[in-house]
Structure formats: C-alpha cells, structure tokens
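**Q** Any chance you can model this:
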Amino acid sequence: MDVLGGLTAEAFLREYWQKKPLVIRQALPGYQCPVTADELAGLACEDSVESRIVIERDDGKPWQLHNGPFSPERFESLPATHWTLLIQGLDHWAPEISDLLEAFRFIPNWRLDDIMASYAPQGGSVGPHFDQYDVFLLQAQGQREWTFGGHCDHTSPRVEGTPLRILSSWEGEETVVLEPGDMLYLPPGIGHHGVALNDCITLSIGFRAPTMDDILTGYTDFLCSQTDASEHYADPNLAPQTNPGAIGSEVISELERMIRDKLSDRRQLALWFGQYSTAPKSLDIVVPADDPLAPDLLLERLKHGEPLRWNEGSRFAFHELDDETALFVDGERYLLRGEARDLAAILCRSSSVDADLLAPLLDEPALAELVAALHNQGSLYFE
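**A** Numbering: from 1, shown residues only. So this is what the prediction gives:
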C-alpha cells in the first residue's frame, strides 16, 4: 500500500520524519473502518484491553480521564457530545487492523508501537496536547478537524485540574479537516488538537522511542543478570594515604574502567536491545497455542499453502552479528548460524510469512523445531 501520497519512503524520511507535519490526502482511498463504534465499546468492557474515556467537561471539571474496563451501562450515562473513547493496541485484537502496519514497514519493526482507536461523537476530543513519539493519524470514519503546529515541550503551559497534559495558551499554525482515508503525520513535540465534527473513528499508528531512563535501567539490569556481574572491586596495589576519608582519583579511574568494560561490549548491547525491543506489549494475547504442532505437521501444512502469520501482539526483529544472526521474538533470542541465518530475514520481513521461502529451510530438523516452538508458544499461527 502506498500511504505516503506519492512520496517515496526515502523522500518522506529525509524531508518529514521527525522534522515537520504532513497532510496526506487519500493515503488509503475509500478506506472503511473494519470495526464499529459498538465493537470498540465492547472491547472497552474487556479486562485485557486497555481503554479510556475522556470527557471534556465532567461535573464542572475540565478534561477528566476514566480508565476501563467499563460496564456496558457506563456508555448509557455518557453525555451526548464532547467525549472520547480510546482503545489502545487495537491491532492486537483485530487482524484487519493489524494488517495496516504492513503499509509502514519502511520504518523498522522495533520502532512500531501499536494502533490506537479513538471514537468520538460530535465535539469529542482529548484536548490540545503534544506527544513524545511519531504518529500517523488515519481518519477511518466520519470527519475530524485537526489544528496543529508549533513545537511544545515540558515548559509549555498546561491546564490545571486535569490528570491529562492539556496545553493552555496554545494556538496551532494550520487547520485541516480529514475525511475517511486521509492521514496526518506528526513528529514528536508538535502541538495538535483534533475535534470530531460528527461520529468519527481515528486510528493512530504510533511509534516508540525509548527514553534514556529506559535504556540505562534496562541495559544495566540486563548486565547485572549476567553471570560475571558478581565481580568485586579490587585494589591489590592499595597504598597508604594522608587522610582515610579521601576517595582517591585512582578509585574513580578503576570504577570508570569497570563500567566502560561492561558498556563497550557491542554484542551484549545488541542482544539486550533485541530482547528489550521485542518484548510484547500485551502478555494476554501471546499465549500458547490450543493445538500444539509437531515440526513435521507444521511443515506439511506450510507445503499445503496454509498461510502462517505473526500473532497480532508479537514482535519480530533480527540483528546480524559477525558469524551468526540473532533472531528476536517476543523478548527471546535465538542464535542462527550458517544457512540457518536466512530464517531470521524471512520471519521478520512481514506479518504474513512467505511460506514458499520458509518451507525449504524447514527441511533442516532444528529449524523446523524452532518454528514449531514459535507456533506452539503463540508467536505464530495458521490463519
């Protein structure tokens, strides 16, 4: 699918990605939302689905947030207008929504987060705000008016009396109305405000970027879990010093050496990041298969043309090391060598696995066992 309005991926990434907004008219011509407002409300009643309702004026308070799961009766008590229902990770529960992500594979798999659905009646909104991530806003039903523009950060004034980060004293630079099939790309930090002109559904294809805190704490926790993390500080050449209270410069130098030795291991960093970035967002959807398959039966079904695809909540990625390829699936790593290295690229290229390329590799029993294990743990399934 060409969702960039005629722009090449190279041109989009060079001119717009993390730089400036882009309105794409009819990114998906004639697009019809595969889920209804009633179905979204039904999902919001499920314990395993992350859902929220935002009411612009709730009992005199501005922009109030309510977290699901909700009872069916909750929707009967909502006002007629000026509220929004948000369903996070809709692609995890609806394959038709998950298929949208195939149009965005010009961005690495690990950067993709999920697709959030926003349903709102007339006037519904989540208020003027900004995000710290890239997002494509696809209009799936009805019309929504977007005002956007101007860079915002943590110093931007906020509305008081709400748990949401609503901007105050903000005025956008451009206003557009999106019709079904239209899309708006916004880089991080750009203020925006979308208001439903009628009953509408917007799909937000979001991308993630780990914070420095995520990276440092995640990687150091990983390093500390390794077997050599119990190594103690040593100073066999300790000499007397004038004041026992002083921490000598040689101590700091030794600490720096110890830390640098651990942080300079690129292989360890790559293995950690592959596992970290593919950890599933929802543990409730990546569950063991009801009918586990033996490797020979899985291969037989592949050769008969049955389509194999990723679990909608699974994440696949790989990294090329010097003499092997690390395949990462749902937070686990698998090291492949020799001709087996081709398996990683085949599994990670698309959520619909190319059976014609995969089947010949599975004549190798070890690879057949690996793919069968991925199926049986719930990361892959036959449609």
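**Q** For stretch 279-287, the averaged confidence score.
**A** Mean pLDDT, computed over stretch 279-287, is 86.
**Q** buried residues in stretch 50-63?
**A** 50, 51, 52, 53, 54, 55, 56, 58, 62, 63 (16 or more other C-beta atoms under 10 Å). All C-beta spots, glycine's among them, are computed from the backbone N, C-alpha and C.
**Q** same question but for stretch 176-184, I mixed them up
**A** Buried-residue list, stretch 176-184, by 16+ other C-beta under 10 Å: 178, 180, 181, 182, 183, 184.
**Q** what's the closest non-adjacent residue to the first one?
**A** Closest residue in space to residue 178, ignoring its immediate chain neighbours: residue 139 at 3.9 Å, by C-beta to C-beta, 6 or more residues apart in numbering.
**Q** hang on, that neighbour is in a strand, isn't it?
**A** Yes - assignment of residue 139 by DSSP: H, G, I helix; E, B strand; the rest coil places it within a strand.
**Q** how about the helices in the stretch 101-250 of the chain?
**A** When assigned using DSSP state H, counting those that start in this stretch, the helices of the stretch 101-250 of the chain occupy the ranges 212-224, 249-263.
**Q** And for the stretch 251-383 of the chain?
**A** Under the criterion DSSP H, counting those that start in this stretch, the stretch 251-383 of the chain contains helices at 266-278, 295-303, 342-348, 355-361, 365-376.
**Q** wait, which of those helices is closest to residue 104?
**A** helix 342-348 (14.7 Å; C-beta to C-beta).
**Q** From what I see, residue 379 and residue 311 are in contact.
**A** Yes - taking C-beta atoms under 8 Å as the contact criterion, residue 379 and residue 311 are neighbours in contact, 5.4 Å apart.
**Q** thinking again about what came up before, including mean neighbour count and distance to residue 170, could the helices of the stretch 251-383 of the chain go into CSV?
**A** As requested, the helices of the stretch 251-383 of the chain are exported to CSV (neighbours: other C-beta atoms under 10 Å; distance: least, C-beta to C-beta, whole Å):
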stretch, mean neighbour count, distance to residue 170
helix 266-278, 17, 33
helix 295-303, 17, 54
helix 342-348, 20, 40
helix 355-361, 16, 50
helix 365-376, 18, 47
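**Q** can you put the ones you listed in CSV and add distance to residue 155?
**A** As requested, those are exported to CSV (distance: least, C-beta to C-beta, whole Å):
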stretch, distance to residue 155
helix 266-278, 30
helix 295-303, 55
helix 342-348, 40
helix 355-361, 51
helix 365-376, 46
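**Q** So which of these is nearest residue 230?
**A** Comparing the helices of the stretch 251-383 of the chain against residue 230 with C-beta to C-beta, the closest turns out to be helix 266-278 (16.3 Å).
**Q** Just want the angle from the closest one to helix 212-224.
**A** Using axes from the mean of the first three to the mean of the last three C-alpha atoms, to 10 degrees, one finds that helix 266-278 and helix 212-224 are set 120 degrees apart in direction.
**Q** and helix 266-278, what does it pack onto?
**A** For helix 266-278, the helices and strands in contact under the criterion 3 or more C-beta pairs under 8 Å, 6 or more residues apart in numbering; DSSP states H and E are helix 212-224, strand 316-320, strand 325-329, strand 332-336.
**Q** Partner strands of the second one and their direction?
**A** Here the strand partners of strand 316-320, with direction, are listed using DSSP bridges: strand 325-329 (antiparallel).
**Q** farthest-separated two in the buried residues of stretch 176-184?
**A** Of all pairs drawn from these, the greatest distance, 13.2 Å, lies between 180 and 184 (C-beta to C-beta).
**Q** Out of the helices of the stretch 101-250 of the chain, which gets nearest to residue 345?
**A** Distances from residue 345 to each of the helices of the stretch 101-250 of the chain were compared using C-beta to C-beta; the minimum, 25.1 Å, belongs to helix 212-224.
**Q** now that closest one and helix 249-263, what's the angle there?
**A** Direction vectors for helix 212-224 and helix 249-263, defined by the same axes, to 10 degrees, enclose an angle of 90 degrees.
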